[in-house]
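Q: compute the structure for the input listed below.
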Amino acid sequence: MLKEAFHHLWTYTYRASAEKYLLKWISWAKETEIEPLLKFAKSLLKSKDEVLNYFKHRITTGRLEGFNNTVSRIVHRACGVQNLDYLFLKLRQESLEVVLQK
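A: Okay, the predicted model is just below:
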């Protein structure tokens with residue numbers, strides 16, 4: 001239930017409303033006394049301003065995270081490659097594909 005309730009946070013339009021709901025959700029998580037939830041709630045409370053900035057700018061790092069994953073896979077596949085220029089060309093090729101998909 002708390003997981004579904006947390007997903008509801010992202011439906012808010014205004015930062016103040018989202019902050020009120022986030023603090024309410026954190027209090028619910030603390031009431032459970034479940035250690036992983038307590039840890040997550042504490043980390044949310046620490047980074048509350050950063051989380052709530054989403055409601056001001058509506059920007060996520062999803063594309064960046066996806067590209068970082070692509071870079072990691074290319075570097076892993078390039079294990080043993082001694083030509084760094086080739087590696088950089090492959091990274092550039094992937095980055096162009098990501099831009100073209102946009």
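Q: buried set for stretch 88-100?
A: For stretch 88-100, a neighbour-count test (16 or more other CB atoms under 10 Å) marks K90, L91 as buried. For the C-beta atoms, the positions are set from N, CA and C on the backbone; glycine is no exception.
Q: and V81, which of the three is it?
A: For V81, the assignment made with DSSP: H, G, I helix; E, B strand; the rest coil gives coil.
Q: residue contacts, it?
A: The contact partners of V81, by CB atoms under 8 Å, 6 or more residues apart in numbering, come to L87.
Q: dihedrals phi and psi, it?
A: Dihedral angles of V81 (phi, psi; degrees, to the nearest 10) stand at phi -70, psi 130.
Q: show me the helices in this protein, by range?
A: Ranges of helices in the chain, per DSSP state H, are 2-8, 15-32, 35-46, 48-52, 54-57, 62-77, 84-101.
Q: what packs against the second one?
A: Read that as helix 15-32. Counting contacts by 3 or more CB pairs under 8 Å, 6 or more residues apart in numbering; DSSP states H and E, helix 15-32 is packed against helix 2-8, helix 35-46, helix 48-52, helix 54-57.
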